[in-house]
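Engineer: pasted the sequence and its predicted model underneath.
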Amino acid sequence: MISVLAQERLLGAALGTVFMGAVIFQQHRSIHQSISETQSLFFPQYQLKGRIYDKQQGLDLAHLWNKAVDQTFGPVIVSLSSKGCFATLWQMMLF
């Protein structure tokens, strides 16, 4: 069984990765938006016809992300579930 300290470190690493991914995504989006605004000021004939990220693209990205996470971590979760690690972790969180 994995120790509580290792579980906390793993959780911290996972949450840190997700947080940094969100920050990088927002900065990436901000950079693209500022580039398109600058281009529209200096080159009005090259104006974009819509937003860079619309809702449908966001939903598609979320779906692809969820599918990739499921495919990547699915076998690990099944393995840990069969060993009873999640049940023990759940009991520790409740008490």
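Structural biologist: Received it, and whenever you're ready, just let me know what you need. Residues are numbered from 1 along each chain as shown.
Engineer: report pLDDT for Gln7.
Structural biologist: We have a pLDDT of 87 for Gln7.
Engineer: what pLDDT, on average, does stretch 68-88 get?
Structural biologist: The pLDDT scores in stretch 68-88 average 77.
Engineer: now do the buried residues in it.
Structural biologist: Neighbour-count burial for stretch 68-88 flags Leu80 (criterion: 16 or more other Cβ atoms under 10 Å). Every C-beta, even on glycine, is put in place using the N, C-alpha and C of the backbone.
Engineer: got the CA coordinates for that stretch in PDB?
Structural biologist: In PDB, the C-alpha atoms belonging to stretch 68-88 read as follows (Å, rounded to 0.1, in the frame of the first residue of the first chain):
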ATOM      1  CA  ALA A  68      -7.000  10.900 -23.500                       C
ATOM      2  CA  VAL A  69      -7.000  10.900 -19.700                       C
ATOM      3  CA  ASP A  70      -9.300   7.900 -19.600                       C
ATOM      4  CA  GLN A  71      -7.100   6.000 -22.100                       C
ATOM      5  CA  THR A  72      -3.900   7.000 -20.200                       C
ATOM      6  CA  PHE A  73      -5.000   6.400 -16.600                       C
ATOM      7  CA  GLY A  74      -7.700   3.800 -17.200                       C
ATOM      8  CA  PRO A  75      -5.500   0.800 -16.700                       C
ATOM      9  CA  VAL A  76      -3.900   2.300 -13.600                       C
ATOM     10  CA  ILE A  77      -7.300   3.000 -12.000                       C
ATOM     11  CA  VAL A  78      -8.500  -0.500 -12.800                       C
ATOM     12  CA  SER A  79      -5.300  -2.000 -11.300                       C
ATOM     13  CA  LEU A  80      -5.600   0.100  -8.100                       C
ATOM     14  CA  SER A  81      -9.300  -0.600  -7.800                       C
ATOM     15  CA  SER A  82      -8.700  -4.300  -8.000                       C
ATOM     16  CA  LYS A  83      -6.200  -4.000  -5.100                       C
ATOM     17  CA  GLY A  84      -8.600  -2.000  -3.000                       C
ATOM     18  CA  CYS A  85      -6.500   1.100  -2.800                       C
ATOM     19  CA  PHE A  86      -9.400   3.400  -3.600                       C
ATOM     20  CA  ALA A  87     -11.600   1.900  -1.000                       C
ATOM     21  CA  THR A  88      -8.900   2.400   1.700                       C
END
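Engineer: alright, I will stop here.
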